[in-house]
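Chemist: Quick check, what structure comes out for this input:
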Amino acid sequence: MIEGNSIHRVVFPCRRIFGGWINANTGEQIAVRPTHWRIWPG
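Modeler: Numbers count the residues shown, from 1 in each chain. Here you go, the predicted model:
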């Protein structure tokens, strides 16, 4: 994902919602721009 000016690996499952993305575990909205997707194991 791209967050600000940095590239990071997401360490938690995310879910796309209208207007952005949320942490699938907490429901908290996160400000990210994903560059790749994969199915989260588990």
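
Chemist: in the sheet, who's paired with the residue nearest in space to the middle of the chain?
Modeler: With distances taken as CA atoms, centre = their mean, the residue of the chain nearest its centroid is residue 14 (4.4 Å). Taking DSSP bridges as the rule, residue 14 bridges to residue 23.

Chemist: Distance of it relative to residue 7?
Modeler: 15 Å (CB to CB, to the nearest Å). Bear in mind the C-beta positions are built from the backbone N, C-alpha and C, glycine included.

Chemist: same check, this time on residue 39
Modeler: 21 Å.

Chemist: again, but for residue 1
Modeler: Relative to residue 7, residue 1 is positioned 7 Å away (CB to CB).

Chemist: Settle it for me: which of the two has more neighbours?
Modeler: More neighbours surround residue 1 than the other of residue 1 and residue 7, with 16 against 10 (other CB atoms under 10 Å).

Chemist: Can you name the residues that contact that one?
Modeler: For residue 1, the contacting residues are 7, 8, 9, 10, 32, 33, 34, 35, by CB atoms under 8 Å, 6 or more residues apart in numbering.

Chemist: Filter those residues down to the buried ones, PyMOL style.
Modeler: Here is the PyMOL selection string for the buried members of the contacts of residue 1, based on 16 or more other CB atoms under 10 Å:
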select buried, resi 10+32
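
Chemist: Reformat the contacts of residue 1 into TSV and put secondary structure next to each item.
Modeler: Output for the contacts of residue 1, formatted as TSV (DSSP: H, G, I helix; E, B strand; the rest coil):
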residue	secondary structure
7	strand
8	coil
9	coil
10	coil
32	coil
33	strand
34	coil
35	coil
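
Chemist: Go through the contacts of residue 1 and name the one nearest residue 25.
Modeler: Ranked by distance to residue 25 (CB to CB), these are led by residue 10 at 11.5 Å.

Chemist: Would you check that that closest one makes contact with residue 32?
Modeler: Yes: when contacts are counted by CB atoms under 8 Å, residue 10 is listed as touching residue 32 (7.2 Å).

Chemist: re the thing from before, find residues that contact each of residue 1 and residue 7.
Modeler: By CB under 8 Å, 6+ apart, residue 1 and residue 7 have these common neighbours: residue 35.

Chemist: separation between residue 34 and residue 10?
Modeler: If you measure residue 34 against residue 10 using CB to CB, the figure is 7 Å.
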